Each structure stands twice: as structure tokens, then as C-alpha cells.
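Trainee: I need the structure of the sequence given here:
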Amino acid sequence: SFIGIAGISAHLKSEKTHGFWRQIHAFLKRGGELLLIGAGISLVTWWVMQGEGYVVFGILHLIGTALILTPFLYRLGYYVLIPAAGLILIAVFGLPAGPLWLAWIGICPEDFYSVDYTPLIPWLSVFMIGLSTGRILFPSGYPRYSLKLPEKPVRCLAFFGRHSLAIYLIHQPVLFLLILTFSKMGGL
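Mentor: Numbering: from 1, shown residues only. So this is what the prediction gives:
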């Protein structure tokens, strides 16, 4: 759902950013930021986990790459569902094992393990489905349906949505410390 919602959000940003080159600039900036943060997470987890099971191509890598591709994918309109279906089919029939440097695509060694792994195949398809869902729910960037929702819960959700990256970055080390604490106590 997180990846699909990112696709819907990318649709909204595309609708509100006029001009192909402005879209490229906006999505390259945001996608690049996510890729840099993802690379930092990979380095930290590699160091903490001593090279065993670190984040190879995690959710931030995926969303960063998807955002960089958005100006091109967005131009496909609903036809973006064709390559999305292709990626799903490739994943269903399976990818061969291969070297670690191809892990970002979905090709990895047979004994591969990572604590966070979301390769382009098949996960980019979920993002593309989100782009199309955004077109359905928010044509021209505006909601198709008007829902009468209580204002306070909507504001609360909007706050979390605007700060989702910070929340994501905070919750990861907190969970890691909790798991480490419980495992040392013999609870896991």
C-alpha cells in the first residue's frame, strides 16, 4: 500500500507541476534525496550488521528510482499498466539468480538475504498502478469524489503524510533497538 500511495502522490505532483522539464527537475530532486538517504541506510546497516543482511535495495531506493522515472511513466497515461503487468508476469515466472550488483532489478545470488529488499521487479509495478489509480481518483489533480470527513482526523492523517519520511527514518532505529533489547533479554 505504501508504494501504491507513493504512485498516487506522484500523480498529484505531476498534475501540479506543469511542463516536462519542471517535472524532471522536481522528481529528480526528490528521488535523488531518497536515493541518497537509502544509500546512507545501506551503509549504516552494512556497518551495524557487519555485512550480513544489510539493506541492499530497500523501499527508499525503490521509491527514489520510481520518482526519477515518474515524468516518463506519467506520459504513458493508462498505458503504464502494460509495463506494470509485464513486470508482474516476469516476477511470477521468476528471475534467474545472478550477481549482487543486479539486485536492484530483482536478480540476486541464490543465498541472498537482506533486511529490506524491494527490487524494481515486481515492485515498480505497484508504483505504476498507483499512478493510474491517481488518474482515476484525482483527475487533473482534484478529487473525483467529495467525502464529508471529520476535520480533526483528516488533519492528523495529513500531518503524518507530510512527515512520513521523518517518521519512517525514526521508526527504523527504534524498532531495531527494541528487537535488540528483547533478544538480549531472551524474549526472541
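Trainee: Now do the helices in this protein.
Mentor: For the chain, helices defined by DSSP state H occupy the ranges 2-16, 20-48, 59-74, 81-93, 120-137, 151-162, 164-184.
Trainee: pLDDT of the first one, averaged?
Mentor: Read that as helix 2-16. For helix 2-16, the mean per-residue pLDDT is 95.
Trainee: Any idea how many residues pack against Phe176?
Mentor: Applying other CB atoms under 10 Å, we find 14 other residues in the vicinity of Phe176. Using the backbone N, CA and C atoms, a C-beta is placed for each residue, glycine as well.
Trainee: nope, Arg22 is what I meant
Mentor: Here the count is done by other CB under 10 Å, and Arg22 has 11 residues near it.
Trainee: change the start of the numbering to 23 and stick with it
Mentor: Taking 23 as the first residue, the last one we looked at is Arg44.
Trainee: Tell me where the protein is predicted with low confidence.
Mentor: Using pLDDT under 70 as the threshold, the predicted model of the chain has low-confidence ranges 209-210.
Trainee: Geometric centre of it: which residue is closest?
Mentor: Ile85 (3.1 Å; CA atoms, centre = their mean).
Trainee: measure the closest residue to that residue other than its chain neighbours to Ser147 for me?
Mentor: Across the structure, with CB to CB, 6 or more residues apart in numbering as the measure, the residue nearest Ile85 apart from its sequence neighbours is Ala28 (5.1 Å). The spacing between Ala28 and Ser147, counted by CB to CB, to the nearest Å, is 13 Å.
Trainee: who touches the residue nearest to Leu82 when sequence neighbours are not counted in this structure?
Mentor: Taking CB to CB, 6+ apart, and ignoring the residues beside it in sequence, Leu82 has Gly60 as its nearest neighbour in space, at 3.6 Å. Contact criterion CB atoms under 8 Å, 6 or more residues apart in numbering gives 77, 80-83, 86 as the residues in contact with Gly60.
Trainee: Please list only the buried members of those residues.
Mentor: Among those, those classed as buried by 16 or more other CB atoms under 10 Å are 77, 80-83, 86.
Trainee: What count of nearby residues applies to Leu91?
Mentor: Residue neighbour count, defined by other CB under 10 Å, stands at 17 for Leu91.
Trainee: tell me the contacts of it?
Mentor: Leu146.
Trainee: give the contact list for the closest residue to Ile158 other than its chain neighbours.
Mentor: Closest residue to Ile158 apart from its sequence neighbours, by CB to CB, 6+ apart: Arg166 at 7.1 Å. With contact taken as CB under 8 Å, 6+ apart, Arg166 is in contact with 158-160.
Trainee: Among these, find me the one that's closest to Lys170.
Mentor: Nearest to Lys170 out of these is Leu159 (CB to CB; 16.6 Å).
Trainee: if I look at that closest one, how far off is Trp43?
Mentor: Counting by CB to CB, the gap between Leu159 and Trp43 amounts to 27 Å.
Trainee: dump the residue contacts of Tyr100.
Mentor: Counting by CB under 8 Å, 6+ apart, Tyr100 touches 154, 157.
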